[in-house]
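Chemist: Show me the folded form of this:
(chains A and B)
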Amino acid sequence: DAKTTQPTSMDCAEGRAANLPCNHSTISGNEYVYWYRQIHSQGPQYIIHGLKNNETNEMASLIITEDRKSSTLILPHATLRDTAVYYCIVCPSNTGKLIFGQGTTLQVKP
Amino acid sequence: EAGVAQSPRYKIIEKRQSVAFWCNPISGHATLYWYQQILGQGPKLLIQFQNNGVVDDSQLPKDRFSAERLKGVDSTLKIQPAKLEDSAVYLCASSSDYEQYFGPGTRLTVT
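Modeler: Now for the predicted structure:
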């Protein structure tokens, strides 16, 4: 299974865009990039996923580089409620086998 | 729709005792997962069920952990006997396609 590398922590000002990077240089052709987040004392929550095209939903945007070796999750207008640990995960879409790393702790500040 | 339900929410036991956790997935979700999350770490998959069959239990410490999913709906995870290093949050998740829905977890403290 491909591994991911994320910064340990990041800060973001409330109302500004939060850009969370992820490196996955050993990703295989059939592996998707998934993002989940975990707010304190809650279970993880799905945000978005993609294979090679950029994706957008009501929560966030996912930008995947052309070589698929890295990606960026974008929260367009961060709020205090977006403070959480964000996990970038790669896995084949049909296995459901999520391997969580340490993630990035995002602190949104007023 | 109702989310994934887990009980109990908290449990404190002494080492060498046994404990069981219960999970009720979202109605209609065929796939059910149990994860262990130690403080400061990401969740680690213990076992994955597809209906009532085991898909992956490679990370389950089978000498002390067991899990079942009777009738392909509810599931229980048991630890017997518990060790100090089993102190963690045990998360249950279910899915019908690509998105996993997680419950609130059971926080286990082994003293």
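Chemist: what's in contact with the lowest-mean-pLDDT helix or strand in chain B?
Modeler: One helix or strand of chain B scores below all others by mean pLDDT, DSSP states H and E: strand B:53-56, with a mean of 94. Strand B:53-56 has contacts (C-beta atoms under 8 Å, 6 or more residues apart in numbering or on different chains) with A:97, B:31, B:45, B:47, B:48, B:49. Bear in mind the C-beta positions are built from the backbone N, C-alpha and C, glycine included.
Chemist: closest to residue B:23 among those residues?
Modeler: Ranked by distance to residue B:23 (C-beta to C-beta), those are led by residue B:49 at 10.1 Å.
Chemist: got the contact list for residue 5?
Modeler: As the question left the chain open, I've gone with chain A. Residue A:5 touches A:22, A:23, A:24, A:101, counting by C-beta under 8 Å, 6+ apart.
Chemist: try chain B instead
Modeler: Listed by C-beta under 8 Å, 6+ apart, the contact set of residue B:5 reads B:23, B:24, B:103.
Chemist: cool, and residue A:70?
Modeler: Residue A:70 sits next to A:21, A:22, A:23, A:24, A:25, A:64 when contact means C-beta under 8 Å, 6+ apart.
Chemist: If we use 10 Å, what do you get?
Modeler: Contacts for residue A:70 (C-beta atoms under 10 Å, 6 or more residues apart in numbering or on different chains) come out as A:4, A:5, A:21, A:22, A:23, A:24, A:25, A:27, A:33, A:63, A:64, A:88.
Chemist: So which residues on chain B come close to chain A?
Modeler: B:3-4, B:6, B:31, B:33, B:35, B:37, B:40-45, B:48, B:50, B:55-56, B:58-59, B:89, B:91-93, B:95, B:97-105, B:107 (C-beta under 10 Å from any C-beta of the partner chain).
Chemist: same thing but at 8 Å, please
Modeler: Counting by C-beta under 8 Å from any C-beta of the partner chain, the residues of chain B close to chain A are B:4, B:31, B:33, B:41-45, B:48, B:56, B:91, B:93, B:95, B:98-105.
Chemist: Would you list the buried entries among the residues you listed?
Modeler: Buried members of those, counted by 16 or more other C-beta atoms under 10 Å in any protein chain shown: B:4, B:31, B:33, B:42-45, B:48, B:56, B:91, B:93, B:95, B:99-105.
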